[in-house]
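> Need coordinates for the following:
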Amino acid sequence: MTKPTISDLARAAGVSVTTVSHAFSGRRPVEPETRKRIQALADQMGYHPSHMARALRSGRTGVIALASSMPFAVAAGPSRLGFLMEIAASAAMSALTRDLALCLIPPHPAAQSCGATSFDGVILVEPARDDPLVAHFERRKTPVVSIGTVPDRPDIPAVDIRSGETTALLLDHLARQGSSRIAALIGSTPRTSQIEAEAAYLDFAKAQGHPPILVRLDEAEGEDLACRETRRLIQADPRIDGIYAAIDAFASGAVRAAHDLGRAMPDRLRLATRYDGLRAKLSVPPLTAVDLHLPATAERAVQLLLDRIGGRNGQAVADPPDLVARQSSGRSSDRS
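Below is the predicted model:
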């Protein structure tokens, strides 16, 4: 059986080839009833629009990308199902509903040059100040939006992920649970999430009336560095009874250090981290964290990117963070 063409569909629908094209591409308005009739006939006839032909006409590939400069130790996690991967899964579904494909650029230097691959646009996850990926795609004239605002780049459309608010939520929780001397493990890379986390922690320490105990850690060294630094902190100041880890890999390292030092949680140490991923859920004890509503955030980022591809710039804000309290921060009397 011969594959039906766009001309066959146009004749069957009693419209022009141009109208059929617009009905599928959305580039020009078509009466809703006409569009429904065309789509119904296309289903009956087994007609599928040629994505290659559409790309040639529009200059678009139908592919968007997702990338991050976060090192693999931070972006992935157990079974490679971390922060970046959860966003990627949600963004892929959101793109699919818009007849787009999503390409994940792995968080690895060898992959981030991106070769000669062309995309209609790129979503960057938590880019840093002067992030090389921003510069790379801007040189290629590729539209860029970000999840997490880009420091010093208010011109780049972004979904604000409320990092300062998230940090304050977790610090207040630790204090309410009884921690009076709380240390903070913050990433040293200048991403907005870490900049806002540090500012929120310093405000919290000032309000509590005690000197800040803040350590800035290299993301690339992840859990191992956090373990060593947490051991050092507690050995230097045994009064520390709470730790806020801005990155979940740092939280995993802090848990290891607590076990090494015999600091039972939550009896002698309470711990909370930002992202409620597998690291938090599988930890022993399970970690108090925050539901960042990443599927909704990914959806907003895809829409921001489509708007930017279409020549419209905007901003969006993530849903408010929700505390997920677990054993790592609960009073011992709260445990079952």
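
> ok, Ala168 - contacts?
Applying C-beta atoms under 8 Å, 6 or more residues apart in numbering to Ala168 gives the contacts 200, 203-204. For the C-beta atoms, the positions are set from N, CA and C on the backbone; glycine is no exception.

> which SS state does Ser252 fall under?
helix (DSSP: H, G, I helix; E, B strand; the rest coil).

> my guess is it meets Leu278, correct?
No: applying C-beta atoms under 8 Å, one finds Ser252 not in contact with Leu278, separated by 10.2 Å.

> More neighbours: those two, which one.
Shown here are Ser252 and Leu278; by other C-beta atoms under 10 Å, Ser252 has more neighbours (23 against 18).

> In contact with the more buried one, which residues?
223, 226, 279, 283 are the contacts of Ser252 under C-beta under 8 Å, 6+ apart.

> Look up which helix or strand the nearest residue to the last one once chain neighbours are set aside falls in, please.
By that I understand Ser283. Among residues not flanking Ser283 along the chain, Val255 sits closest, at 5.6 Å (C-beta to C-beta, 6 or more residues apart in numbering). Element membership for Val255, per DSSP states H and E: helix 248-260.

> Restricting to C-alpha, output the helix or strand following that helix in PDB.
Proceeding N to C from helix 248-260, the next assigned helix or strand is strand 270-275, under DSSP H and E. The C-alpha trace of strand 270-275 is given here as PDB (Å, rounded to 0.1, in the frame of the first residue of the first chain):
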ATOM      1  CA  ARG A 270      20.500  16.300  63.200                       C
ATOM      2  CA  LEU A 271      21.000  16.600  59.500                       C
ATOM      3  CA  ALA A 272      18.900  18.000  56.500                       C
ATOM      4  CA  THR A 273      19.600  18.400  52.800                       C
ATOM      5  CA  ARG A 274      18.000  20.200  50.000                       C
ATOM      6  CA  TYR A 275      17.000  17.600  47.400                       C
END
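
> Describe which strands strand 270-275 pairs with in its sheet and in which direction.
strand 242-245 (parallel), strand 288-291 (parallel) (DSSP bridges).

> outside of that strand, which residues touch it?
Under C-beta under 8 Å, 6+ apart, the answer for strand 270-275 is 82-83, 163, 166-167, 170-171, 173-174, 177-179, 193, 197, 241-248, 250-251, 254-255, 258, 265, 279-280, 287-290, 292, 328-330.

> What of stretch 3-11?
Contacts for stretch 3-11 (C-beta under 8 Å, 6+ apart): 16-17, 19-21, 38, 41-42, 45-47, 49.

> cool, stretch 197-204 as well?
So stretch 197-204 is contacted by 163-168, 171-172, 175, 182, 184, 186, 212, 214, 216, 244, 246, 274 (C-beta under 8 Å, 6+ apart).

> So which of those are in strands?
Mapping the contacts of stretch 197-204 onto strands (DSSP state E) picks out 182, 184, 186, 214, 216, 244, 274.

> Switch these over to JSON lines; also include neighbour count.
Listed next are the ones in strands among the contacts of stretch 197-204 as JSON lines, based on neighbours: other C-beta atoms under 10 Å:
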{"residue": "Ile182", "neighbour count": "24"}
{"residue": "Ala184", "neighbour count": "25"}
{"residue": "Ile186", "neighbour count": "21"}
{"residue": "Leu214", "neighbour count": "15"}
{"residue": "Arg216", "neighbour count": "14"}
{"residue": "Tyr244", "neighbour count": "30"}
{"residue": "Arg274", "neighbour count": "26"}
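
> Just the closest of these to Ala101, please.
Ranked by distance to Ala101 (C-beta to C-beta), those are led by Arg274 at 30.1 Å.

> For that closest one, report the pLDDT, please.
pLDDT for Arg274: 95.

> From the contact counts, what lies against the helix or strand containing Val145?
Under the criterion of DSSP H and E, Val145 resides in strand 144-147. Strand 144-147 sits against strand 121-125, helix 132-139, strand 158-160, helix 294-309, with contacts defined as 3 or more C-beta pairs under 8 Å, 6 or more residues apart in numbering; DSSP states H and E.

> Strand partners (parallel or antiparallel) of the first one?
What it means is strand 121-125. Strand 121-125 has its sheet partners listed here by DSSP bridges as strand 63-67 (parallel), strand 144-147 (parallel).

> Can you point out the buried residues in the helix or strand encompassing Ala200?
In this assignment (DSSP H and E), Ala200 forms part of helix 192-208. Using 16 or more other C-beta atoms under 10 Å as the test for burial, helix 192-208 gives 192-198, 200-201, 204-205.

> Mind putting these into JSON lines with distance to Phe137?
Shown next, in JSON lines, are the buried residues of helix 192-208 (distance: C-beta to C-beta, whole Å):
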{"residue": "Thr192", "distance to Phe137": "18"}
{"residue": "Ser193", "distance to Phe137": "20"}
{"residue": "Gln194", "distance to Phe137": "22"}
{"residue": "Ile195", "distance to Phe137": "22"}
{"residue": "Glu196", "distance to Phe137": "24"}
{"residue": "Ala197", "distance to Phe137": "26"}
{"residue": "Glu198", "distance to Phe137": "27"}
{"residue": "Ala200", "distance to Phe137": "30"}
{"residue": "Tyr201", "distance to Phe137": "32"}
{"residue": "Phe204", "distance to Phe137": "36"}
{"residue": "Ala205", "distance to Phe137": "38"}
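
> This completes my enquiry, with thanks.
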